[in-house]
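>>> Sharing a model that was predicted from the sequence below.
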Amino acid sequence: MLDLVQQAFNDKKDMRERNKIKESNTEDNKFAAQAGKLSEGLYYISETDAEVSPFAGSGADAVTREEILRQTKSAANTPVEERNFAEIFARLTRIQDWHGDEEKATAAKFNKLKEFLEKNLKDLKVFKVGTIQIKIYFVGIDSQGKLMGVQTKAVET
């Protein structure tokens, strides 16, 4: 009988823990869902075209090279290039004279994604991690102190 009571207690405790995790992930899930919706159909153009997708990290005190390496489980000696968020997005959102309707629509979509990231994250930065086959993270800190943003890939030879 005592075992049954203990099991019921443990089951309730497990359920409370699962609910806590679910509640704490709700904001992450909302961010990721919105970032996913805004990045749908967007590709980062390099020597290959790579989809842009949400990035959901964990708690972070700052947006640093070390933090991006830790949260992406990259080796400490992995080359990392930090880039300015506004400069990178300027290239993606700028309308050129030669742009047709499709290119203009893509630039507008990148602009909406940029505005969403600026509204929801602070200390925005871009990190290019690795060489040749590079992972790119557009990240900042959300209201809950987590590293969040979007990610893509590039090939640079």
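Yep, it's here.

>>> you'd agree Ser58 is in a helix?
No. Per DSSP: H, G, I helix; E, B strand; the rest coil, Ser58 lies outside any helix segment and is strand.

>>> could we number from 133 for the rest of this?
Sounds good: first residue 133 from here, last item Ser190.

>>> What residues does it make contact with?
Ser190 makes contacts with 203, 278-279, as judged by CB atoms under 8 Å, 6 or more residues apart in numbering. Quick note: C-beta positions are derived from backbone N, CA and C, even for glycine.

>>> Which of these sits closest to His231?
For the contacts of Ser190, the closest approach to His231 (CB to CB) belongs to Leu279, at 33.1 Å.

>>> quick one: which of the contacts of Ser190 is most hemmed in?
Most neighbours among the contacts of Ser190, by other CB atoms under 10 Å: Leu279, with 26 neighbours.

>>> Please settle this for me: is that one part of a strand?
Yes. Under three-state DSSP, Leu279 falls within a strand.

>>> Relative to Ile200, how far out is the residue nearest to it when sequence neighbours are not counted?
Closest residue to Leu279 apart from its sequence neighbours, by CB to CB, 6 or more residues apart in numbering: Gly189 at 3.3 Å. Going from Gly189 to Ile200 by CB to CB, to the nearest Å gives 8 Å.

>>> Looking at the two, which is more packed in?
A direct count of neighbours by other CB under 10 Å for Gly189 and Ile200 places Ile200 higher, at 26 against 20.

>>> can you pull the buried residues of the helix or strand hosting that one?
Element membership of Ile200 [criterion: DSSP states H and E] is helix 197-203. The neighbour-count check on helix 197-203 (16 or more other CB atoms under 10 Å) flags 197, 199-201, 203 as buried.

>>> so which of these comes closest to Lys244?
Using CB to CB as the measure, the one of the buried residues of helix 197-203 that approaches Lys244 most closely is Ile200, at 24.2 Å.
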